[in-house]
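Participant: Predicted model follows, preceded by the sequence.
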Amino acid sequence: MSPSGRYPYYRCPPTGDCDNRVTIAAEYVETAVVAEVKRLLAGLQGTAQGADTVADAAADLERAQASYDAAMLVLDPLEPAAVTRLGQLRAARDQARQRHDDAAASSTATSIAVTAGDWDRLTLAEQRALIRAVIKSVVVRPGGRGPARVTITPK
């Protein structure tokens with residue numbers, strides 16, 4: 001936000017990796033990013049099924065944990081083969097936990113059909129997820145005015 005509080009803007013922080021402290025009105029950047037996302041997604045339709053993905057990952061994690069727990073009950077931890085097997089099961093469980101955590105962090109609660117035309121009906125979190133899905137980076141160059149300073153790189 002500007003010092004007078006009139007309009008939002010983006011600015012490189014003084015501790016960032018910017019050579020120049022670039023400042024630009026948020027409206028310019030956000031308008032350019034939204035337009036590029038809509039262009040990249042034009043004519044495409046996808047289905048967001050975050051809840052299903054999380055449920056599947058949770059079931060996988062539960063199975064991996066049960067396998068590890070069962071092996072702990074029957075294997076002798078002093079036997080080298082048992083140590084190797086427990087290590088494999090632990091690694092499988094940890095990978096399942098990571099997949100679950102990743103799915104939970106990026107999921108939406110419902111299964112919906114999504115097109116670029118639905119942008120205004122999406123929540124802010126859903127809009128951000130679409131931006132992250134198709135945009136690799138946004139760079140603002142110093143000098144000049146307005147949106148011509150914005151470079152958007154798709155994934």
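Facilitator: Done, it's in.

Participant: going forward, measure contacts between C-alpha atoms and count neighbours the same way
Facilitator: Fine.

Participant: Please, which helix or strand holds Ala58?
Facilitator: Take DSSP states H and E as the rule and Ala58 turns out to sit in helix 50-74.

Participant: swap in Arg99?
Facilitator: Residue-wise, Arg99 maps onto helix 80-106 under DSSP H and E.

Participant: and that helix with helix 50-74, angle?
Facilitator: 160 degrees (axes from the mean of the first three to the mean of the last three C-alpha atoms, to 10 degrees).

Participant: Tell me how far helix 80-106 lies from the chain's centre.
Facilitator: 22 Å (C-alpha atoms, centre = their mean, to the nearest Å).

Participant: Show me what that helix is packed up against.
Facilitator: In terms of contacts (3 or more C-alpha pairs under 8 Å, 6 or more residues apart in numbering; DSSP states H and E), helix 80-106 is packed against helix 50-74.

Participant: Now the helix it packs on: buried residues?
Facilitator: Residues of helix 50-74 classed as buried: 50-54, 57-58, 60-61, 64-65, 67-68, 71-72 (neighbour count, 16 or more other C-alpha atoms under 10 Å).

Participant: Packing partners of it?
Facilitator: Counting contacts by 3+ C-alpha pairs under 8 Å, 6+ apart, helix 50-74 is packed against helix 80-106, strand 111-115.

Participant: most neighbours per residue, which of the ones you listed?
Facilitator: Of all those, helix 80-106 has the most neighbours on average by mean count of other C-alpha atoms under 10 Å, namely a mean of 16.

Participant: mean confidence score for the helix holding Ala58?
Facilitator: Mean pLDDT, computed over helix 50-74, is 80.

Participant: For it, what is the distance to the chain centroid?
Facilitator: 23 Å.

Participant: So what touches stretch 18-38?
Facilitator: 7-14, 116-117, 130-131, 134-135, 138, 140-142, 146-147, 150, 152 (C-alpha atoms under 8 Å, 6 or more residues apart in numbering).

Participant: go again using 7 Å as the cut-off
Facilitator: Under the contact criterion C-alpha atoms under 7 Å, 6 or more residues apart in numbering, stretch 18-38 has outside partners Pro8, Tyr9, Tyr10, Arg11, Cys12, Ala116, Ile131, Val134, Pro142, Gly146, Pro147, Val150.
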